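Asks: Dropping the sequence and predicted coords here.
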2 protein chains.
Amino acid sequence: MYERKILPNLNCGLDLIGEVLYGKWKIRLLWFIDQGHQRPSELQRKIPDATRRVLNIQLKELEDHELITKKIYAVVPPKVEYSLTEFGKTVIPVIAALGMWGDANEERLRDVILRRLKSENN
Amino acid sequence: MYERKILPNLNCGLDLIGEVLYGKWKIRLLWFIDQGHQRPSELQRKIPDATRRVLNIQLKELEDHELITKKIYAVVPPKVEYSLTEFGKTVIPVIAALGMWGDANEERLRDVILRRLKSENN
DNA sequence: GCAATAGGGGAAAAATTTATCCCTATCTGA
DNA sequence: TCAGATAGGGATAAATTTTTCCCCTATTGC
């Protein structure tokens, strides 16, 4: 496992939430789990751009941070289900706020993001 | 300037907001600018763990994404002031929601984050 | 002349995060 | 018997982000 060399700042609320929500797919994972997509394979189908590997890694981090729990059924073929913890549920409204702002400004955001990409790759 | 090799996903609101808010210091920059700390040196004092260089880079990105504007005064020594655009102001409540959740769960978050760090560096 | 102030930026290194590739199991259905 | 589904993990490469280091501009004050 990778060992951090630079310790994170944990001074204020923004630092703290950043520490648990940063990660390319974490917010989406929480969102889809909340929507009832609890099995790894479902999540992978919902987030096809992520590789299985990263999703597993990020799910593990979410679990370590107590936002989700993992239930492994002793059956074959294996079955696993993730659920939000009570704590995890409290972060959903915050994610919803992020998504709503993004949706409300969809066109403009797409526009400025693409413009910047083009000038980068000028 | 670094040229991306993997294009970002811009499918949903969450992708879009992620694209403009990701960056280790961006949220804090927006927050402090909103609080009235508009000059680069002030922002640097507010965020001492970031180097000048990164703050400049991230401020430039926020500017490209039209969340802030930069005003350069033709004086010596130079004076620069950043302000939120109208668009940028609309994202502040979302950031506030992030910060409030983080503050409300401060102890627990610090606890789980530190626990995970220790087991990583076990 | 030299330091301090205020704001920048290039290049390269280091840190961190993601992606790629390959392997392990077992059961079901064709 | 072979393909596919289900879940997982190690090793390594590649991508991306952040840090480090060093340099530049111009004026004011001593």
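Replies: All right, it came through fine. Numbering: from 1, shown residues only, chains lettered A, B, ... in the order given.

Asks: can I assume A:Ala50 sits in a helix?
Replies: No - checked against DSSP: H, G, I helix; E, B strand; the rest coil, A:Ala50 lies outside a helix; its state is coil.

Asks: That one against A:Gly23, yeah?
Replies: No - the criterion here is Cβ atoms under 8 Å, and A:Ala50 misses it with A:Gly23 at 10.3 Å. Every C-beta, even on glycine, is put in place using the N, C-alpha and C of the backbone.

Asks: Who has more neighbours out of these two?
Replies: Legend: neighbour count by other Cβ atoms under 10 Å in any protein chain shown for A:Ala50 and A:Gly23, higher for A:Ala50 (18 against 15).

Asks: For that one, which non-adjacent residue is spatially closest?
Replies: Ranked by Cβ to Cβ, 6 or more residues apart in numbering or on different chains and with sequence neighbours excluded, the top spatial neighbour of A:Ala50 is A:Trp25, at 4.9 Å.

Asks: Would you map the strands across chain A?
Replies: Ranges of strands in chain A, per DSSP state E, are A:68-73, A:79-84.

Asks: so which residue of chain A comes closest to DNA strand D?
Replies: Ranked by Cβ to the nearest atom of the strand, the top residue of chain A for proximity to DNA strand D is A:Ser41, at 3.0 Å.

Asks: do you know how far that residue is from DNA strand C?
Replies: Counting by Cβ to the nearest atom of the strand, to the nearest Å, the separation of A:Ser41 from DNA strand C is 12 Å.

Asks: Repeat that for A:Arg28.
Replies: 11 Å.

Asks: Also A:Lys70?
Replies: A:Lys70 is 17 Å from DNA strand C, where distance means Cβ to the nearest atom of the strand.

Asks: number of nearby residues for that residue?
Replies: For A:Lys70, the number of neighbouring residues by other Cβ under 10 Å comes to 14.

Asks: same deal with A:Val76?
Replies: Look at A:Val76: counted by other Cβ under 10 Å, it has 6 neighbours.

Asks: same question, A:Gln44
Replies: Number of residues near A:Gln44 (other Cβ under 10 Å) recorded here: 15.

Asks: What residues does it make contact with?
Replies: A:Ala50, A:Arg52, A:Leu55 (Cβ atoms under 8 Å, 6 or more residues apart in numbering or on different chains).

Asks: do the same with A:Arg108
Replies: Under the criterion of Cβ under 8 Å, 6+ apart, the neighbours of A:Arg108 are B:Glu66, B:Phe87.

Asks: And it, what's its pLDDT?
Replies: A:Arg108 is assigned a pLDDT of 97 by the prediction.

Asks: State which helix of chain A is the longest.
Replies: helix A:86-104 (DSSP state H).

Asks: Now do that one against helix B:86-104, angle only.
Replies: Counting by axes from the mean of the first three to the mean of the last three Cα atoms, to 10 degrees, helix A:86-104 lies at 180 degrees to helix B:86-104.

Asks: Please work out the average pLDDT along helix A:86-104.
Replies: Helix A:86-104 carries an average pLDDT of 97.

Asks: And for that helix, what's in contact with it?
Replies: So helix A:86-104 is in contact with A:17, A:21, A:27, A:30-31, A:34, A:62, A:66-68, A:84, A:109, B:12-18, B:90-91, B:93-94, B:97-98, B:101, B:105, B:108, going by Cβ under 8 Å, 6+ apart.
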